[in-house]
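In: Just to be clear, the model below is a prediction. Sequence and coordinates:
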Amino acid sequence: MSEETKTDERECLCGGAGPAFTRFLKDIGPPGPAKQHFDQARVEILKGLRALIDHRIEQISKDPQKGTKLTVE
């Protein structure tokens, strides 16, 4: 296998656009401390969603209430 073939196999199919796009996104993204804040906020949102789901599962899992008996005349 020639050296040229080895290089072609490792080359990105996007022609280098992928790494360039990644750099672009990092450049326009928030600075380090703000990114950490947003990451933590995302975790807190997910925790809130988990709490809502757990609450709903608990409601559904309870035994259904039995109806009341009425005398019809």
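Out: Structure received. Numbers count the residues shown, from 1 in each chain.

In: So what's the model's average confidence on the longest helix along the chain?
Out: In the chain, with assignment by DSSP state H, the single longest helix is helix 32-61. The average pLDDT for helix 32-61 rounds to 95.

In: what does stretch 11-21 give?
Out: For stretch 11-21, mean pLDDT is 80.

In: out of everything not next to it in sequence, what's closest to residue 38?
Out: Nearest in space to residue 38, with sequence neighbours left out and distances taken as Cβ to Cβ, 6 or more residues apart in numbering, is residue 30 at 6.5 Å. All C-beta atoms are positioned from the backbone trio N, CA, C, and that covers glycine.

In: pretty sure that neighbour contacts residue 39?
Out: No: Residue 30 sits out of contact with residue 39 when judged by Cβ atoms under 8 Å, with a separation of 10.0 Å.

In: export stretch 54-62 as CSV, just CAs?
Out: C-alpha atoms of stretch 54-62 as CSV (Å, rounded to 0.1, in the frame of the first residue of the first chain):
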residue,chain,number,x,y,z
ASP,A,54,-41.3,10.6,38.3
HIS,A,55,-44.3,12.4,39.7
ARG,A,56,-46.5,11.4,36.8
ILE,A,57,-45.4,7.7,37.1
GLU,A,58,-46.2,7.8,40.8
GLN,A,59,-49.7,9.1,40.0
ILE,A,60,-50.4,6.5,37.3
SER,A,61,-49.0,3.7,39.5
LYS,A,62,-51.4,4.4,42.4
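
In: Against residue 38, how distant is residue 50?
Out: For residue 50, the distance to residue 38 equals 19 Å [Cβ to Cβ, to the nearest Å].

In: Actually, residue 69.
Out: 56 Å.

In: Comparing those two, which residue is more hemmed in?
Out: Counted by other Cβ atoms under 10 Å, residue 69 and residue 38 do not tie: residue 38 has more neighbours, with 12 against 5.

In: Look up which helix or strand residue 69 falls in, please.
Out: Using DSSP states H and E, residue 69 falls within no helix or strand.

In: actually residue 18, not the one I typed
Out: Going by DSSP H and E, residue 18 is in helix 17-28.

In: Now that helix: buried residues?
Out: Across helix 17-28, burial judged by 16 or more other Cβ atoms under 10 Å covers no residue at all.

In: Perfect, that will be all.
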